[in-house]
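Novice: Make a model of this:
(chains A and B)
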There are 2 protein chains.
Amino acid sequence: MYRAGPGAGDLARGLGFATMISISFKPGGEAGQVEEGSTILAASEQLGVTITAPCGGRGRCGRCRVIVVRGCGPITQAEEDLLTGEELRNGVRLACEALLVEDAQVIIPSDSRTIGGKILADHRGEEMTLNPNVTGSAVELPPPSLSDQRSDFERVADGLGIPAQDLVIHRDALAQLPTVLRENDFHVSVVRVGEVVSAVRPTGAQPCGLGAAVDIGTTTVVAYLVDLHTGETLATASELNPQARHGHDLITRIEFVQSTPTGLDDMRRLIVDLINRLLAEATADAGVMRRDIYEVAIVGNTCMHHLFLGLDPRNLAQAPYIPVTREPVELSADEAGLAINRAGNVYCLPVIAGFVGADTVGVLLMSRLAERGHPTLAVDIGTNGEVMLAANGRLLTTSCAAGPAFEGGEIRYGVRAAEGAIERVWLRNGSIGYATIGGKRPSGICGSGIFDVVAALLDSGAADQTGRLATDEAAVELAPGIATRLRGEGPQREFLLVEGAGAGNGEITFTQKDLREVQLAKGAVRAAVELLCARVAIASDEIEEVLLAGAFGNYIDRRSALRMGLLPHVPLERIHGIGNAAGAGALAALLSLDERQRAADLARNAEHVELMADPRFQMAFADSMMFPEAE
Amino acid sequence: MYRAGPGAGDLARGLGFATMISISFKPGGEAGQVEEGSTILAASEQLGVTITAPCGGRGRCGRCRVIVVRGCGPITQAEEDLLTGEELRNGVRLACEALLVEDAQVIIPSDSRTIGGKILADHRGEEMTLNPNVTGSAVELPPPSLSDQRSDFERVADGLGIPAQDLVIHRDALAQLPTVLRENDFHVSVVRVGEVVSAVRPTGAQPCGLGAAVDIGTTTVVAYLVDLHTGETLATASELNPQARHGHDLITRIEFVQSTPTGLDDMRRLIVDLINRLLAEATADAGVMRRDIYEVAIVGNTCMHHLFLGLDPRNLAQAPYIPVTREPVELSADEAGLAINRAGNVYCLPVIAGFVGADTVGVLLMSRLAERGHPTLAVDIGTNGEVMLAANGRLLTTSCAAGPAFEGGEIRYGVRAAEGAIERVWLRNGSIGYATIGGKRPSGICGSGIFDVVAALLDSGAADQTGRLATDEAAVELAPGIATRLRGEGPQREFLLVEGAGAGNGEITFTQKDLREVQLAKGAVRAAVELLCARVAIASDEIEEVLLAGAFGNYIDRRSALRMGLLPHVPLERIHGIGNAAGAGALAALLSLDERQRAADLARNAEHVELMADPRFQMAFADSMMFPEAE
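Specialist: Below is the predicted model of the structure:
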């Protein structure tokens, strides 16, 4: 039995005989050459594809499951231990174990994709230096005597080489001083948050403690726990945003705040309590203490940012859409209500406008959008679409109300991305194929599935350029496997995606109304793209590169996005998913004051374009509703 | 009936015919020339004597009671209304009403003396300019529009002419912004505490809100509520320090903190809760809101300072007597636990050493000790004596354990200054006279009475230079009214001050042991004076001026203090009471950043002398125990 040892690639490289093979990943389409004998995980890292590997690729956790279509060597012991017989029969492998032996094709299920971290890891090596706001210094001080009656605080200041009158110390650190100094023979470690002495600890402890980056999404909140001395992420924790009980979308939540006397505080507590739970979970996972967290960096859209800070969001929702503040906000852990070290600091990344938030700043920051040297578009789509364009030395941002269609909202069988959601749809042999998350029985269609359905409807002729499903008359010209799936009349007309025993009994359809919702959403985004291009006097087809941010960018099929005309026409390989740039931006701000400054500068220097204030927007919107012709 | 109109003095002055008369005040001995027809209150202000006048001298409150020995015109209607027949028969007058018609002698009862305020009032006119840390600015801002989407915060920053990135705003102020701006058509008043925007309010409100100065004494806590715009004191409130339940003196309180697990927090809460009560009372009195208080300045000895801040005081009580910090401490209202505006600031004046606290800094600050141009001594005596000396361009401070004798502690019939306490004792016709506070039946002897008793014992020959009460043998040479008051043998020997039906039944004596306690106390203070003089190479009789601070300075008879040798020999008129300089210092720091800076500089530049570290101290102490010879 063939069994490539883990060192085979190394050996070949050592002899100068490394053989290169091709590999391509789905759904992202990333492809390239890697050395024969690499693991899939190594290959993915080389090509910038993110695969979850919590155990660090040591064949222990079994989380880096991928589906290998072809190209890998035999199943390893670790895979036999960690995968079920059914998984092995279906081609599931562990990316850290499976070795590439020939040109390979690999499908990465959404469960195995990393959210965040990747971009940061990329940048850390390239241009980001570890320079956190929280720093630690060890000092060895002489003990006091009758001839040296300096106060404990002056002694520490002198040890740091800072005049006592220029050194600020938190009350809690001041209160620790006499005991910690004397229990440690005046040899201690001083933790400073910014310029403020926030703790004095035994020298044995972590030099500068822990930090956390929190990405407050409208739907999901993710917390990353980080060792500020090494920059290493120790644990992550995430949960659905509990504010959703008062509305899935931002406008409903803002209405709740407006209509409920305690609404603002309710919303603030929901998010603050959740963050405290996530930090408790992450610190428990990592076996560390919450009180050793000295700083939390927060990123979120402007509404999430306002609700976290207890700022009334009502003016975000009505013209002229004014945020309370756009500057970075710093406040004490106590003021923020976060259960970290009481001397800790909370840093909220800046926002740009009422609907262009700190998450967008994260995209600008991590993508280095303004520094790529050619006209580049970045798009982040949730319920709202944020569109960013760097061209001709300018950096523009705008937002548009995409509506919830791209996340499955307002779609008859739309669901959020979860087990059983149809995440991929394709034309096959004149009919339709689909795949669900986790391979489970289909429960509905999630965002990436919706993109694929629309592309398939257009490609098959089941829908035309105007977004109308083919009539029975027109359907006779379609492949029978497609034509037979069209049924109903007028607004009730629909395309049968999954057969079942009727609505509610397994049947899943995509309706004429669903298609109209998608059209409205994509029209809004595309119109925003066109308008930004007009502002910098370029045509949208002069855009050379497109970056797709967030969950949207991670999961949608780029071809489907092009097919429906959401994006201007650029070559497929010039469209890149950039992962969770929001969370990565928070991590960057946590780990580097340079990045923090850069974020503030970006937020200030980005030109925000208010579509509603531009009389050309309605026209551009109408133009953008149409789907492109088939190529 | 002669009745000088209130304008008589003005008229005379207008005609150039003002007649001057002499007036002297007891017990302070202040004397000088004032215009005939002045009120006693006006005369007292002119001579720097403080008399309580809460109604502002308008004849309404009846609080400025004084005893007129001679020199005043007839009783006015207001006096008839506000004073009892008995009071009027005993010569009680209202200082604001009684007009001076000839050379006058006036006794100010302790009830009518103002604590604090006076020195501040003096300095305000001369050299202190109102320059508080809390400032208010009115701004008129353009409302937002689709073409002006600046955030609320940027709009305010632009209105203040400060770049938004350089302006810090408290979360609460940020949270108020959207509502306050829109309810006031974007015309608002911005309150800043230091550089931080702490509130945004309707323009009609007080421009920069209120402040409070708090003097945390070991025995009494006083809060002054101040309008920061005018500098006016709106109300004062005071209460006994409730920490006394865990010990009257500092050492006992520190022992409580050391021996009780929750001791430090218990002590902190007692004082914080009290300050909150005092602020509630003062704001209710003045008809204002606590949340309009934006800053509190705190003054207290080092132990009070530490307990207020929750800093462990144990190292203050044991060599080498190290404070946790000596620098000014600033913290948020929340951190301090004070129920003022949540964006408010708490400023604690600096301390100098373990037993030389912010109260002493207040004395240095308000007395301008280092700027008087001649060798000047300042003394503040409670349980601890703080001694300050400015001479030869240097400023020295030290503290000595005076013990509680000067406050009535460890004295058999010693009591705190309250109604019925013997506050004044004198020799009269070969016997003893005394006066009690409020003219009530004598309950014991308070501090100023103790000074007078000792002076009387020495003057009458009832005690000799070594501090021994005359034996029966020696007493035959004394006046019979004195000799018959001496009784008992050895350590039980005592001087009968008030006759009664035995101990516990009205009898009050002053014992040999009491005299020894006083000797120890005065010896410690005088030794400190001598040692400071030695450090700057002057003899103590080169001191040209002596300032007596605090309650001590307000109430003791300076002649008695000289007589017992507590002070070096300077002319009586070169000894000045300077009132409650601690509270005045807190007020000054509240009202003027210049004074605050000056306080920090004084604390840093004062040289602290540790008596225990000086081998000459024991010798000086022994020398200083003796009483001076009669002159």
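Novice: next one: stretch A:312-328 to chain centre, how far?
Specialist: Mean C-alpha position of stretch A:312-328 versus that of the full chain (C-alpha atoms, centre = their mean, to the nearest Å) differs by 24 Å.
Novice: Whichever strand or helix holds A:Leu427 pairs with which strands, parallel or anti?
Specialist: Mapping A:Leu427 onto the secondary structure by DSSP states H and E places it in strand A:421-428. Strand A:421-428 sits in its sheet next to strand A:431-436 (antiparallel), strand A:444-445 (parallel), going by DSSP bridges.
Novice: any idea which of the ones you listed is most buried?
Specialist: Highest mean neighbour count among the strands paired with strand A:421-428 (mean count of other C-beta atoms under 10 Å in any protein chain shown): strand A:444-445, with a mean of 24. Backbone N, C-alpha and C define where each C-beta goes, glycine included.
Novice: same question for the next helix or strand along the chain from that one, mean pLDDT?
Specialist: Using DSSP H and E, the helix or strand that directly follows strand A:444-445 along the chain is helix A:447-460. Across helix A:447-460, pLDDT averages out at 95.
Novice: If you average pLDDT over each of the strands paired with strand A:421-428, which is lowest?
Specialist: Taking the mean pLDDT of those, strand A:431-436 comes last: a mean of 90.
Novice: In three-state terms, label the residue of the stretch 201-350 of chain A found nearest chain B for me.
Specialist: Residue of the stretch 201-350 of chain A nearest chain B, by C-beta to the nearest C-beta: A:Thr325 (3.7 Å). Here A:Thr325 is recorded as coil under DSSP: H, G, I helix; E, B strand; the rest coil.
Novice: Who are the contact partners of it?
Specialist: Shown in contact with A:Thr325 (C-beta atoms under 8 Å, 6 or more residues apart in numbering or on different chains): A:311, A:351, B:151-154, B:164, B:169, B:174, B:177.
Novice: Show me which of those residues is closest to B:Leu41.
Specialist: Using C-beta to C-beta, B:Ile169 comes nearest to B:Leu41 of the contacts of A:Thr325, at 46.2 Å.
Novice: what number of residues lie near the closest one?
Specialist: 28 (other C-beta atoms under 10 Å in any protein chain shown).
Novice: Then the one 4 residues further on?
Specialist: Look at B:Ala173: counted by other C-beta under 10 Å, it has 25 neighbours.
Novice: you'd agree A:Gly48 is in a helix?
Specialist: No. Checked against three-state DSSP, A:Gly48 lies outside a helix; its state is coil.
Novice: Hmm, it is touching A:Glu30, no?
Specialist: Yes. Checked against C-beta atoms under 8 Å, the pair A:Gly48 and A:Glu30 is within contact range at 6.8 Å.
Novice: Redo the contacts of A:Thr325 as CSV? Include pLDDT and distance to B:Glu80.
Specialist: Formatted as CSV, those follow (pLDDT from 0 to 100; distance: C-beta to C-beta, whole Å):
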residue, pLDDT, distance to B:Glu80
A:Leu311, 97, 62
A:Val351, 97, 71
B:Ser151, 96, 66
B:Asp152, 97, 61
B:Phe153, 97, 62
B:Glu154, 96, 65
B:Ala164, 94, 65
B:Ile169, 96, 58
B:Leu174, 96, 59
B:Leu177, 96, 57
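Novice: Most neighbours among these, which one is it?
Specialist: A:Val351 (31 neighbours).
Novice: Can you give me the distance of that one to A:Asp359?
Specialist: Look at A:Val351 and A:Asp359: by C-beta to C-beta, to the nearest Å, they are 9 Å apart.
Novice: Quick check: neighbours shared by these two?
Specialist: In contact with both A:Val351 and A:Asp359: A:Asn301, using C-beta under 8 Å, 6+ apart.
Novice: which ones are touching the spatially closest residue to the residue of the stretch 201-350 of chain A closest to chain B that is not a sequence neighbour?
Specialist: Closest residue to A:Thr325 apart from its sequence neighbours, by C-beta to C-beta, 6 or more residues apart in numbering or on different chains: B:Phe153 at 3.7 Å. By C-beta under 8 Å, 6+ apart, B:Phe153 lies in contact with A:324-327, B:164, B:167, B:169, B:174, B:177.
Novice: and if we set it to 7 Å?
Specialist: A:324-325, A:327, B:164, B:169, B:174, B:177 (C-beta atoms under 7 Å, 6 or more residues apart in numbering or on different chains).
Novice: Also A:Gly430?
Specialist: A:479-482.
Novice: Now the buried members of those.
Specialist: A:479, A:482 (16 or more other C-beta atoms under 10 Å in any protein chain shown).
Novice: what's the most distant pair in the contacts of A:Gly430?
Specialist: Longest span within the contacts of A:Gly430, C-beta to C-beta: A:Pro480 and A:Ile482, 7.3 Å.
Novice: how about stretch A:624-631 as CSV, C-alpha atoms only?
Specialist: What follows is stretch A:624-631, C-alpha atoms only, in CSV (Å, rounded to 0.1, in the frame of the first residue of the first chain):
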residue,chain,number,x,y,z
SER,A,624,-29.0,48.2,-12.9
MET,A,625,-32.1,46.1,-12.2
MET,A,626,-31.8,44.3,-15.5
PHE,A,627,-29.8,41.1,-15.7
PRO,A,628,-26.9,40.9,-18.3
GLU,A,629,-27.4,39.0,-21.5
ALA,A,630,-26.1,35.5,-21.7
GLU,A,631,-22.5,35.5,-23.1
